[in-house]
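> Just need the structure, nothing else, for what follows:
(chains A and B)
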Amino acid sequence: EAGVAQSPRYKIIEKRQSVAFWCNPISGHATLYWYQQILGQGPKLLIQFQNNGVVDDSQLPKDRFSAERLKGVDSTLKIQPAKLEDSAVYLCASSLGRQQETQYFGPGTRLLVL
Amino acid sequence: SQKIEQNSEALNIQEGKTATLTCNYTNYSPAYLQWYRQDPGRGPVFLLLIRENEKEKRKERLKVTFDTTLKQSLFHITASQPADSATYLCALARNYQLIWGAGTKLIIKP
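Here you go, the predicted structure:
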């Protein structure tokens, strides 16, 4: 079974530029999560999808971050414009359903904003 | 607000000994708690889940305990090996979401 795929693996941009990350969850997983992990900290949930609907985006900085999950499969997370403090690893995870406890993570995208 | 504390300092353990990691939490009674392993440059990998009505869970060399009175979980690795070196994260369930600790870096010395 293929795992969660993410791309790109690394991205370096200058502040005020835009960037997009892509995630392909495990086949059949209805729930998809985007996390931000700053060095030395645990993952922080940005947005949670159930199929193609948003379950929780309370911690998503909506003035600059946006995410979508068209057709309930792949998802993209966008930052526009980026700030220095957005430098972090962006992790995508999926689970069978909202009540399925185990989350499966992709390798993450490491973003550096200069 | 919910607070989860894990040892911020790295834990150095001699190979073959038992490593014990601590996860303390406040202001919440989670339905379950999970432990994940994270290697550098990779996403977390699920290890064990323990529910509020369970005292202990085992999987091979891993053991987790959950004390809801103390609001604490302990994670043990017996007969530790250098390959066990990684950061270990605990996560508490709240409303079908996970709230994460910052993790403890474990270093197993040969």
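> okay, and the helix or strand of chain A with the least pLDDT?
Lowest mean confidence among the helices and strands of chain A (mean pLDDT, DSSP states H and E): strand A:53-56, at a mean of 92.
> Counting by contacts, list what it packs against.
strand A:44-50 (3 or more CB pairs under 8 Å, 6 or more residues apart in numbering or on different chains; DSSP states H and E). All C-beta spots, glycine's among them, are computed from the backbone N, C-alpha and C.
> who does the strand it packs on touch, helix- and strand-wise?
Right, strand A:44-50 is packed against strand A:31-37, strand A:53-56, strand A:65-68, strand A:75-79, strand B:97-100 by 3+ CB pairs under 8 Å, 6+ apart.
> Check what contacts the last one and list those residues.
Outside of strand B:97-100, the residues that reach it under the criterion CB atoms under 8 Å, 6 or more residues apart in numbering or on different chains are A:42-45, A:48, A:56, A:103, B:2, B:4, B:28, B:34, B:89-93.
> Now a ChimeraX select for only the buried ones of these.
Applying 16 or more other CB atoms under 10 Å in any protein chain shown to the contacts of strand B:97-100, the buried members can be selected in ChimeraX as follows:
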select /A:42,43,45,48,56,103 /B:4,34,89,90,91,92,93
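> Which residue comes closest to the residue nearest in space to the middle of chain A once chain neighbours are left out?
A centroid search over chain A (CA atoms, centre = their mean) returns A:Trp34, at 3.0 Å, as the residue closest to the centre. Leaving out its chain neighbours, the residue that sits closest to A:Trp34 by CB to CB, 6 or more residues apart in numbering or on different chains is A:Leu46, at 4.5 Å.
> what ranges of chain B fall below the confidence cut-off?
The model of chain B has pLDDT under 70 over residues B:1.
> please redo it, this time with the cut-off set to 50
Within chain B, not a single segment meets pLDDT under 50.
> which parts of it sit against chain A?
Listed as neighbours of chain A in chain B under the rule CB under 8 Å from any CB of the partner chain: B:4, B:32, B:34, B:41-46, B:49, B:89, B:91, B:93, B:96-98, B:100-103.
> No more questions from me, cheers.
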